[in-house]
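Chemist: Here you go, sequence then predicted model.
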Amino acid sequence: MPDNPLIFISYATPDRDRVVPYHDALSAKGYDVWIDYRRIKAGQIWDFEIKRALDKATLILIFISTKSIDRRGYVQREIKIALDKAAEKLADDIYVIPILLDDDAEIPEQIKHLQAVRASDSDKDDRIEDAIRHQLEKLGENVAEAQERLSVRWSSTHYRDAWDGLPGYECEFQVLNFSSDQYPQVSEITDIIKGSLVSDAMELRFTKFNQDTESYDFGQERYSRTNTWEAFAGEPKIAGRIISIVYRIGWYFCGAAHPNSGFRTFCFLLDPLVRIARLSTMFADEQKSLETLKALVRRQLLAPKDDDEGLSQQEETVLSGTEEWDSFGSFAFDEEGMEIMFAPYQVASYANGPQFVRLPYKDFAHLLLPLYKNALGQHDVVAM
């Protein structure tokens, strides 16, 4: 759990005057609250800044009104991103808190299952803060419980490097620091992750050697002439004696049409400590297993979602983006199964955003090598 959790406020622009008092009240109580018009500075790429804030957020407050639901715009996209991130949370985590500004506003279908707070409630402020406190406490308890169960501890530090130039650069990433009495080599996970991220930071420093004084000058806003890259991790996922760490990577380089994002995952067997760098190495028959995974993943990606056609209109992209083992380079394990992540453009258009596929162990564990089948606690799984 972050030392200073970020609370993101999602709202429709016409509702700003009604939403700002909630932001100010929470900020006055010491919470780190993000709202676009207060945080995004002149010259910054608003699309990128909103996505990076959502990626860092521990909780999201979604303000819903009769105006916001009728609008097609960023508030709907924020809900989608929030739900994608919520998929990583436990079932009883709050994470997304809907707040109804109008009693007759209809809650979007995606979040109807969540308990909402009404602005007309006399105790609305207390209910919102109670929900926030409950979630933050629960997050801390979950992390402590997970660390105790696995006999592995972790904490978080941040690294930042920036240089003002034409263009300049700015990078920020989070490093998880691991330690364990039972698994003394686990600290090497920190070394591997930090080394990977520092390598990207070093690549960004090449900006200094590629100055472009014809396209950029110091009269421009700094943010419009700065290459930006960042990486933030979710809480480690634990399955048996395998630990997985998922990083979301975001970047925007000057002159690009839009920001982009992706994933970097780190999976390790704890005893002995070895990295599972390629998914293919976990399976007994690589070709047979690849064909099975391709079929399972494609079926999910092409299936209709939320009363729409899903990615069925992009079948060719789905097929080409799931053809080889390298297509499944971003993966992680938890107690329920495996999650495979696809960056924008890999299996769908940029507008569709990243895609996630979850496979329960019953669908693929029988194909694993005994080593990994046992390490994941799936020794009883047999072919269907």
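Modeler: Nice, I can see it.

Chemist: element containing S156?
Modeler: Secondary structure from DSSP states H and E places S156 in strand 153-163.

Chemist: buried sites along that strand?
Modeler: Within strand 153-163, the residues scored as buried using 16 or more other Cβ atoms under 10 Å are 153-154. Heads up, the C-betas are built off the backbone N, CA and C, glycines and all.

Chemist: quick one: terminal-to-terminal distance for stretch 331-339?
Modeler: Across stretch 331-339, the terminal residues are separated by 6 Å (Cα to Cα, to the nearest Å).

Chemist: is L269 in a bridge, and if so with what?
Modeler: Using DSSP bridges, the bridge partners assigned to L269 are I242, V274.

Chemist: Just confirm it contacts G240, I think it does.
Modeler: No: using Cβ atoms under 8 Å, L269 makes no contact with G240, being 9.4 Å away.

Chemist: in the stretch 101-250 of the chain, which spans are helices?
Modeler: Taking DSSP state H, counting those that start in this stretch as the test, the helices found in the stretch 101-250 of the chain are 124-150, 187-204.

Chemist: Which among those helices is found nearest to S327?
Modeler: Closest approach to S327 among these (Cβ to Cβ): helix 187-204, 20.2 Å.

Chemist: so F328 touches I340, yeah?
Modeler: Yes: F328 lies in contact with I340 (Cβ under 8 Å); the separation is 5.4 Å.

Chemist: Give me the more crowded residue out of these two.
Modeler: I340 (24 against 20; other Cβ atoms under 10 Å).

Chemist: ok, of the helices of the stretch 101-250 of the chain, where does mean pLDDT dip lowest?
Modeler: Mean pLDDT values for the helices of the stretch 101-250 of the chain show the minimum at helix 124-150, a mean of 83.

Chemist: how about it: buried residues?
Modeler: 127-128, 131-132, 135-136, 139, 142-143, 146-147, 150.

Chemist: Pull out the buried positions in stretch 188-198.
Modeler: Residues 189-190, 193-194, 197 are the ones in stretch 188-198 that count as buried (16+ other Cβ under 10 Å).

Chemist: What of stretch 21-35?
Modeler: Result for stretch 21-35 [16+ other Cβ under 10 Å]: buried residues 22-23, 26, 31, 33-35.

Chemist: Closest to S120 out of those?
Modeler: Y22 (13.8 Å).

Chemist: Export the helix or strand hosting the closest one to PDB, keeping only CA atoms.
Modeler: With elements taken from DSSP H and E, the one containing Y22 is helix 16-28. Provided in PDB are the C-alpha atoms of helix 16-28 (Å, rounded to 0.1, in the frame of the first residue of the first chain):
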ATOM      1  CA  ARG A  16     -17.200  20.900 -11.400                       C
ATOM      2  CA  ASP A  17     -18.700  23.500  -9.100                       C
ATOM      3  CA  ARG A  18     -20.600  20.800  -7.200                       C
ATOM      4  CA  VAL A  19     -17.600  18.500  -7.000                       C
ATOM      5  CA  VAL A  20     -14.900  20.900  -5.900                       C
ATOM      6  CA  PRO A  21     -16.200  21.200  -2.300                       C
ATOM      7  CA  TYR A  22     -15.700  17.400  -1.800                       C
ATOM      8  CA  HIS A  23     -12.200  17.700  -3.100                       C
ATOM      9  CA  ASP A  24     -11.400  20.700  -0.800                       C
ATOM     10  CA  ALA A  25     -13.000  19.000   2.300                       C
ATOM     11  CA  LEU A  26     -10.900  15.800   1.800                       C
ATOM     12  CA  SER A  27      -7.700  17.800   1.100                       C
ATOM     13  CA  ALA A  28      -8.300  19.800   4.300                       C
END
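
Chemist: Now find how far off-centre that helix is within its chain.
Modeler: Mean C-alpha position of helix 16-28 versus that of the full chain (Cα atoms, centre = their mean, to the nearest Å) differs by 26 Å.

Chemist: Let me know the angle separating it from helix 124-150.
Modeler: Here the directions of helix 16-28 and helix 124-150 differ by 50 degrees (axes from the mean of the first three to the mean of the last three Cα atoms, to 10 degrees).

Chemist: Give me the residues contacting helix 16-28.
Modeler: 7, 9, 11, 33, 35, 37-38, 61, 63, 65, 99, 101, 119, 125, 128-129, 132 (Cβ atoms under 8 Å, 6 or more residues apart in numbering).

Chemist: ok, now with 10 Å
Modeler: 7, 9-13, 31-38, 61, 63, 65, 67-68, 99, 101-102, 119, 124-125, 128-129, 132 (Cβ atoms under 10 Å, 6 or more residues apart in numbering).

Chemist: about what we covered before: what's the overlap in contacts for F328 and I340?
Modeler: 279, 293, 297, 322, 357.

Chemist: In helices only, show me those residues.
Modeler: Secondary structure from DSSP state H places 293, 297 of these in helices.

Chemist: Restricted to buried residues, select the shared contacts of F328 and I340 in PyMOL.
Modeler: To isolate the buried subset of these in PyMOL, counting by 16+ other Cβ under 10 Å, use the following:
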select buried, resi 279+293+297+322+357
